[in-house]
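**Student:** requesting a structural model of the entry that follows:
(2 chains)
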Amino acid sequence: MSDRPIKLERDEQHMFNVRAIVAGIFILFALLGILGRVYQLQVSEHAKYSELSRQHYQKRIPIPPNRGQIYDRNGVLLADSHTQYVLEVVRDNIGDENADGKSTLADVDIFVERLGSIIPLAEKDVRLFKTQARRFKYQPILIRGNLTEEEYAAWAVNRPRFPGARVEVRMERYYPLVKTASHVIGYVGRIDARDLETLNKDEYIGTTHIGKTGIEAFHENRLHGQAGYQLIEVDAHGKKQSLLSKKDPVGGQELFLGLDINLQIFAESLLKNERGAIVAMDPSNGEVLALASVPTFDPNLFINGISQKDYTALREDPDRPLFNRALQGTYPPGSTIKPMVGVAGLIEGVVTPGSRVYDPGFFRLPGQKHAFRCWNKSGHGSVDLKYSIQQSCDTYFYDLAYRMGIDRFSTAMRRFGFGEKTGIDLPSEASGLMPTKEWKEKRHKRDWFPGDTVNIGIGQGYWLATPLQLAHATTIMANRGVRLKPHVLRGVRTARNQEESVLKPEPFPTLEAKDNYWNLTIQGMENVMRPGGTARAAGAGASYRIAGKTGTAQVFGLAGGKYNAGRIAKRLRDHALFVGFAPADNPKIAVAVIVENAMGGGGATAAPIARKLMDAYLNQAYGDNALKPAGAVAQQELEQMQPATSVQEPTKKSKKQKKQKKQRVNSD
Amino acid sequence: MISSLLPSWLIVALQRVDAVLLAVLSLLVFLGLATLYSASDGNIEQVQRQIIHFSIGLGLLVIFSQISSKTLRQWSVWLYGIGVVLLILVLIIGVTKKGATRWLYIGVDIQPAEIMKLAVPMMVAYYFSEKPLPPRFVDIVIALLLVLVPMLLVMKQPDLGTSLLIATSGFFVIYLAGMSWWLIGGAIAFVTVAAPLLYFFGMHDYQRRRVDTLLNPESDLLGTGYHIYQSKIAIGSGGAYGKGWMQGDQAHLDFLPERHTDFIFAVFGEEFGLVGNLILMGLYIFIIWRGLYLASKGEDTFARLLGGSLSVSFFFYLFVNTGMVSGLLPVVGVPLPLVSYGGTSVVTLMMAFGIIMGMRKRKRIYQRDS
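**Tutor:** Numbering: from 1, shown residues only, chains lettered A, B, ... in the order given. This next block holds a predicted model:
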């Protein structure tokens, strides 16, 4: 220790003081730096963090609105909602395997697998759930609907194992009349990825189902209502702390259809064991009274996703129950259009009320050998228009059409609504086909031949029409030219008891023709139902006057051979058609009937069906089993209800749906 | 008078306590307890436990304020030696929790690294107290070795945060001892150059990733970044005047993690705003100043170096914590001194202030009775 330099207390004290002061200055600056940072956060960027903080602790819990009920014109309930136990999962709350507080998609898989061991989950439900789970982290997502009591009990016992899963009571759609009018009412199904692209996410947050077909789809905007919400304060785990504010949902509108469900049931029963369609309309206002397409299906199957087995069965059924024949089925209209063609001929001056044509049993184009045969091979002799309608003389109309020419003919028939959609408030309507020269050149790359026009004259050839178009054209006949847009929705009742939303009437130009033109053709149609007419049997004994027209649509062309319905395969038999209205002097109902591949023709098969419908409707006689209005609807209210003279424009969604030819289901 | 109610030995003992520092410490402690009450969601039991910590701390403060610099100097080598042995034992037979081996079981779990926070500056101060100052280069090298050995042992546990605090407490002594400014500048320059080189050429990918997260926590918003994100929202949403005591949404709605311990500064900032932060910083600055002042009044070089180092370390804890919570510095588990909940931190800090007080020059002790 001898070599140790001398330690000087005074120097070391001084040294320390200098170092301490330098350190103190450094410390002061460092802490001022921290304060500067705090100033930046609390003053400069305060607004930003304030907003972030609010977003953090406030959460909107949607309350889905109750979907509006659907009633028929008399207040019979067609679509209702009832309570259901459903299992929902909030993806963010399912917990995790790594215990890092965040749930990954892998955790979702594990969770679903574990959940599936307690409650059976369909593969399709799981797939849909996972798709949605990828999108929505904090929202409850449906994974299983319609829990049975056993399943509910099984879940209750295992509840602690599944944080994030919960059973909710939901209002769920059902269709009490099962298979009745399923094509009109349509059905709702789970919202799928395709729906998510188009719908308003604010309004559908919390809603699980959406209209997929029929009225349910077309009037989705009316039925859905407005979503409400609860604004709640939450903690970091999403647990509710307190209610900040609340907006009640507004239930969807209750829809009252023009449909007379008892007539609909009767119509469907008349087509039992057949394939076919019936459209009944009120000519005075365009309301659709019945729109039957047989066979039908059970829309309840689709609500929570139809099983693969059921769907395959429906899709592969050769009778195509999902296909709405009344709206989407296009058939050659056959002789049913002869009265309309007659009116067109009179207007165009091609024929006059008194002009006659000689029918030798066939028609030949000038200078050609090919004979267009009249159904009556021996010929009707010299015939005028009225008689030609009564007897459905083909030769008269071959001649009329030939002389009128396709251009004028096609234009005239468009004014009866052929070749274009009627604009009914149902999705997926077909436009049928009213051929023109241009159409044939474009479609078949061939010139239009005069012979094409001749066939068109009796509703054959390229001409295709839907049963709805036929009924619509028949109402124009019944109304003597006044054209009204067919519609299913008659009136609405809103949850808020507000005024009716105004349904703008859409003007259609009236088909102008002299009174005696209408009188003549309608008389011809009345004669159809009388002795000497093609539907005399169906018209016999009626207590009111009926105007009608039979028709037969060829499915299979027989080159000169004799047609024998009993001998050829059922699928190749002709379709039987009938159109008509009654009472002829004061039309209350117009009907179009088509029976596919019928044993008899229009007069034998289709006309009696129409007669029975008219009898039932005009007398309101549906037997003791007729359905009564639901208690929720006061008769007075129905009477006060403003009839919907026209219908709302289709929603974007339904426009989109129309493009899709096939009926949609919510799976695959 | 109060003095007549107390036994005379206690009055003598209390004369060693610096009343000014104690008063300001008490203000800070009061503010801390109020914040803790809010941060723990009105959990009075937690506040009571913290009060017990402070009581023990106060007792130790009074006891250590009696111990002279000379006595402490004699303990330095022993304490340091025992500490290093315990650290080695930790690596051999330590208790492992959450992947880190930091504890020894002797009936209860003890954490020897905590001892080193005091033992290292004591040892280095002891070393320099024997040497002429400013220190020669060789003495600095030896002092660095005294720091590095326990630092590396703690780093191996691994406990990066504590090893950093141990190292800095030692460096502060070397600085205060008068290490040449040239050397300090050189050392800083060396680290500035060496660190990136080490990062790019001397590390494995996984090590580099860990450094990345440490330096930029917001790159990992689901992990550490989440804490920083939440605490920034808490502080920022507090604004100039704060949301008011017990009114912090971020804190009370459970968004803020570790809010009664390492992140309590965010709760304070949310509820008391910029005004509160200015007051809080004012108190801290006063305490640090008073600590340095008392250290400069130390009996001898050992007293000055140790007292100065403890005061600067107190600042360093404060800086690392507030820097971390406000998103300026990497996340290192350091509590906000005397405010965060936690027995060890509170007790050792109070004890450190007792040590600073005790090492002051003694003068006219008995005068008051005359």
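
**Student:** so who does residue 321 touch?
**Tutor:** No chain specified, so I'll use chain A. A:295-297, A:314 (CB atoms under 8 Å, 6 or more residues apart in numbering or on different chains). For the C-beta atoms, the positions are set from N, CA and C on the backbone; glycine is no exception.

**Student:** chain B, not that one
**Tutor:** B:Asn321 touches B:262, B:265, B:334-337, B:340, counting by CB under 8 Å, 6+ apart.

**Student:** can you list those in JSON lines and add distance to chain A and pLDDT?
**Tutor:** JSON lines is the format used below for these (distance: CB to the nearest CB, whole Å; pLDDT from 0 to 100):
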{"residue": "B:Asp262", "distance to chain A": "15", "pLDDT": "89"}
{"residue": "B:Phe265", "distance to chain A": "9", "pLDDT": "94"}
{"residue": "B:Val334", "distance to chain A": "14", "pLDDT": "88"}
{"residue": "B:Pro335", "distance to chain A": "16", "pLDDT": "91"}
{"residue": "B:Leu336", "distance to chain A": "12", "pLDDT": "95"}
{"residue": "B:Pro337", "distance to chain A": "13", "pLDDT": "95"}
{"residue": "B:Ser340", "distance to chain A": "16", "pLDDT": "94"}
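
**Student:** report pLDDT for residue 3.
**Tutor:** Looking at chain A here, since you left the chain open. Listed pLDDT for A:Asp3 reads 50.

**Student:** wait, chain B was what I had in mind.
**Tutor:** The model's pLDDT for B:Ser3 equals 59.

**Student:** A:Lys653 now?
**Tutor:** 40.

**Student:** please apply the same query to A:Lys246.
**Tutor:** Reported pLDDT for A:Lys246: 82.

**Student:** what pairs with the strand or helix carrying it, parallel or antiparallel?
**Tutor:** Assigned by DSSP states H and E, A:Lys246 falls within strand A:240-247. Sheet pairing for strand A:240-247, assigned by DSSP bridges, gives strand A:228-234 (antiparallel).

**Student:** the closest residue in space to B:Val20 that isn't next to it in sequence: helix or strand, and which one exactly?
**Tutor:** Closest residue in space to B:Val20, ignoring its immediate chain neighbours: B:Arg290 at 6.2 Å, by CB to CB, 6 or more residues apart in numbering or on different chains. Using DSSP H and E, B:Arg290 falls within helix B:264-296.

**Student:** find the closest residue to chain A in the stretch 201-350 of chain B.
**Tutor:** B:Gly236 (2.6 Å; CB to the nearest CB).

**Student:** list the contacts for that residue?
**Tutor:** A:41-42, A:45-46, A:48-50, A:52-53.

**Student:** can you pull the pLDDT of it?
**Tutor:** pLDDT recorded at B:Gly236 is 92.

**Student:** doesn't it lie inside a helix?
**Tutor:** Yes. Applying DSSP: H, G, I helix; E, B strand; the rest coil, one finds B:Gly236 inside a helix.

**Student:** about what we covered before: send me the helix or strand that the strand holding A:Lys246 is followed by as PDB with only the CA atoms.
**Tutor:** Per DSSP H and E, the first helix or strand lying C-terminal to strand A:240-247 is strand A:254-257. Extracted C-alpha coordinates of strand A:254-257, given in PDB (Å, rounded to 0.1, in the frame of the first residue of the first chain):
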ATOM      1  CA  GLU A 254     -96.900  -7.700 -42.500                       C
ATOM      2  CA  LEU A 255     -97.800  -8.600 -46.100                       C
ATOM      3  CA  PHE A 256    -101.300  -9.300 -47.200                       C
ATOM      4  CA  LEU A 257    -101.300 -11.100 -50.500                       C
END
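
**Student:** circling back: restricted to helices, list the contacts of B:Gly236.
**Tutor:** The helices, defined by DSSP state H, take in A:46, A:48-50, A:52-53 from these.

**Student:** wait, which of those is closest to chain B?
**Tutor:** Nearest to chain B among those is A:Tyr49, at 2.6 Å by CB to the nearest CB.

**Student:** the closest one: neighbouring residues, count only.
**Tutor:** When neighbours are counted by other CB atoms under 10 Å in any protein chain shown, A:Tyr49 registers 21.

**Student:** alright, that wraps it up for me.
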